[in-house]
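# structure for this input, please:
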Amino acid sequence: MIESIQGAMFRIEEITKRIDEIGAIGKPPSIKPLQPPQAKEAQNPNQPTFSQVLSEYVNGNTAQPGAGKELYLNDLNVDEVVGTYQDSAKMLQSLYQNAKQDKGDVNSIITEASQAFGVDESLIKAVIKQESQYNPNAVSHAGAQGLMQLMPQTAEILGVTDPFDVRQNIFGGTNYLSDMLTRYNGNIVKALAAYNAGPNRVDAAGGVPNIEETKDYVNKVMNFYYEYKNSK
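All right, here's what the predicted structure looks like:
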């Protein structure tokens, strides 16, 4: 009797299990709830931020201060040094403002030089445009240097100790341009020819010497000069 009851119970369990299996058909499988993401480990205090790396790079110093050892940009993992979005944006905005300020400084120096030597600002800008495209570190194949492309000998005569210093270069170049304008009684074409080829060649030719480079130079500077004049 007992064996019959046990057999019946076993049979009922099998039937119940089978019913559950049939009822599960077509239902989506059970899914474990998502686990909360693991908190990112705090940034190593000795690890530089994006701003620090960018700042050091802009300043020409690839070694990071305070890193406990010398750390160079080529060895950095970018993912490990990037700071917050606000940190990066603030640094880039600062660089943008500095770039705008640098451009403003060049224009203000041109204004000062113009007033100091009595040379039209538009003419100074035109010479800089043709000579260096406003690159203060420009060096020609002949060795002329800086914004107004001063030759080392000329720079020395003008008292320019650092031709790559923006202020010294603009003041030195404008001083020389002023001398050429005085020499040729305000004749801009002759003054520009002398600035490019030297006054001795201009004197010998009685005007712009028959040198293709010099003739091309004078034409281009004069075109820039009128553009700057008309844009005021």
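
# going forward, measure contacts between C-alpha atoms and count neighbours the same way
OK.

# which ones are touching Leu177?
Counting by Cα atoms under 8 Å, 6 or more residues apart in numbering, Leu177 makes contact with Val119, Ala191, Leu192, Tyr195.

# now do the helices in the protein.
Per DSSP state H, the chain carries helices over the ranges 2-23, 50-58, 78-81, 85-117, 121-132, 152-157, 166-183, 188-197, 199-205, 212-230.

# of the contacts of Leu177, just say which sits nearest to Tyr176.
Nearest to Tyr176 out of those is Tyr195 (Cα to Cα; 7.8 Å).

# and the spatially closest residue to that closest one that is not a sequence neighbour, what pLDDT?
The shortest distance from Tyr195 to any non-neighbouring residue, by Cα to Cα, 6 or more residues apart in numbering, is to Leu177 (6.7 Å). Predicted confidence (pLDDT) for Leu177: 97.

# equivalent analysis for Arg18, please.
pLDDT, read off for Arg18, is 57.

# Ile5 too?
Looking at Ile5, its pLDDT is 47.

# helices and strands of the chain: which one has the lowest mean pLDDT?
When each helix and strand of the chain is scored by mean pLDDT, DSSP states H and E, helix 78-81 comes last, with a mean of 40.

# low-confidence stretches in this structure?
1-104 (pLDDT under 70).

# list the buried ones in stretch 145-154?
Going by neighbour count (16 or more other Cα atoms under 10 Å), the buried part of stretch 145-154 is Gln145, Gly146, Leu147, Met148, Gln149, Leu150, Met151, Pro152.

# relative to Ser231, how far out is the first one?
From Gln145 over to Ser231 the distance is 28 Å, taken as Cα to Cα, to the nearest Å.

# then the fifth one?
Computed as Cα to Cα, the Gln149 to Ser231 distance reads 25 Å.

# also the third one?
Here the criterion is Cα to Cα. By it, Leu147 lies 21 Å from Ser231.

# and for Ala204, the neighbour number?
10 (other Cα atoms under 10 Å).

# what sits against Lys125?
By Cα under 8 Å, 6+ apart, the residues touching Lys125 are Ile110, Tyr225, Tyr228.

# top of those by neighbour count?
Top of the contacts of Lys125 by neighbour count (other Cα under 10 Å): Ile110, with 24 neighbours.

# and it, how far from Asn135?
14 Å.
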